[in-house]
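*Asks:* coordinates only, no sequence provided:
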């Protein structure tokens, strides 16, 4: 009988971005988890755990092991060459969100110990620079506006994906809350008629039938949908050939409630017939996920 494929989930990202939440989720899903493993020990550790019979492994690798991080890309490549199912998740957040979290928890930034003259903001900037190469290896997830519960839900969705296929992520957001950090493409739909100004439609979202009917009756909304759909139909095959794992298409309106939600859902419905698609609504992750 062939040996079961080992699934290895590597979690990295910025301090304060939710790595401990993601790693605890893996523990709850019966992964054998290790926090803060130096990258230079990754291959040896995975080999040992495999010999012990562990087939689901979760490992956190981050700035606390900064000196070993340059070894991580080669280790990931070697594990994939061994036919392991290796998934790398990189969590990030806006600087203002991270500052708020550090202030609320009264924790020190890990880089402040070796760099006592740096402010927390300067530590965050330095950490982004050091981890940039790891972010390029990974599925990036912006946790700036996510609750811990929403983050757990999004990570569960990600774990369930078929990693051999490109995943199209259709994500709505509100410009008034800032651009998502994990977007590959951003489309601005604020030029479309806004259901917010109709008192009946205001409390609803782009998933509710009255809002859908309102927008689909607008020629400009239909034209926007056709143009964005056509653009993606033209370019997504090139990402397939480039062996990309994820493409995140962010659709933004003012508040992230009506127009962007409608278009993200409509695009996901179209492409979901042939592709692996995730839908995410940043401003309403719990209500709409």
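*Replies:* In hand now; what should we look at? No experiment lies behind these values; they were computed from the predicted model shown.

*Asks:* CA only for contacts and neighbour counts going forward, please
*Replies:* Noted.

*Asks:* check which helix or strand residue 58 maps to.
*Replies:* strand 56-60 (DSSP states H and E).

*Asks:* neighbouring strands of that strand in the sheet, and parallel or not?
*Replies:* strand 7-13 (parallel), strand 32-34 (parallel) (DSSP bridges).

*Asks:* among the ones you listed, which is nearest residue 223?
*Replies:* Smallest distance to residue 223 across those (Cα to Cα): 38.3 Å, for strand 7-13.

*Asks:* which residues are in contact with residue 218?
*Replies:* Shown in contact with residue 218 (Cα atoms under 8 Å, 6 or more residues apart in numbering): residue 193.

*Asks:* sorry, back to before: what are the buried residues along the strand holding residue 58?
*Replies:* Judged by neighbour count (16 or more other Cα atoms under 10 Å), strand 56-60 contains these buried residues: 56-60.

*Asks:* which of those residues lies closest to residue 46?
*Replies:* Proximity of those to residue 46 (Cα to Cα) peaks at residue 57, which lies at 7.9 Å.

*Asks:* state the distance from residue 100 to residue 144.
*Replies:* As defined by Cα to Cα, to the nearest Å, residue 100 lies at a distance of 10 Å from residue 144.

*Asks:* between those two, tell me which one has more neighbours.
*Replies:* For residue 100 versus residue 144, neighbours defined as other Cα atoms under 10 Å are more numerous around residue 144 (22 against 12).

*Asks:* what sits up against the strand holding residue 58?
*Replies:* Contacts of strand 56-60 (Cα under 8 Å, 6+ apart): 6-12, 19, 23, 26-27, 30-37, 46.

*Asks:* report the buried members of those.
*Replies:* Buried, going by 16+ other Cα under 10 Å: 6-12, 19, 23, 26-27, 31-33, 37, 46, out of these.

*Asks:* would you point out the most distant pair within the residues you listed?
*Replies:* Using Cα to Cα, these span at most 21.5 Å, a distance reached by 6 and 19.

*Asks:* quick one: the helices in this structure, in order.
*Replies:* Taking DSSP state H as the test, the helices found in the chain are 19-28, 42-51, 72-81, 95-105, 120-137, 148-159, 209-216, 219-241, 259-271, 285-288.

*Asks:* show me the one of those helices that comes nearest residue 88.
*Replies:* helix 120-137 (6.9 Å).
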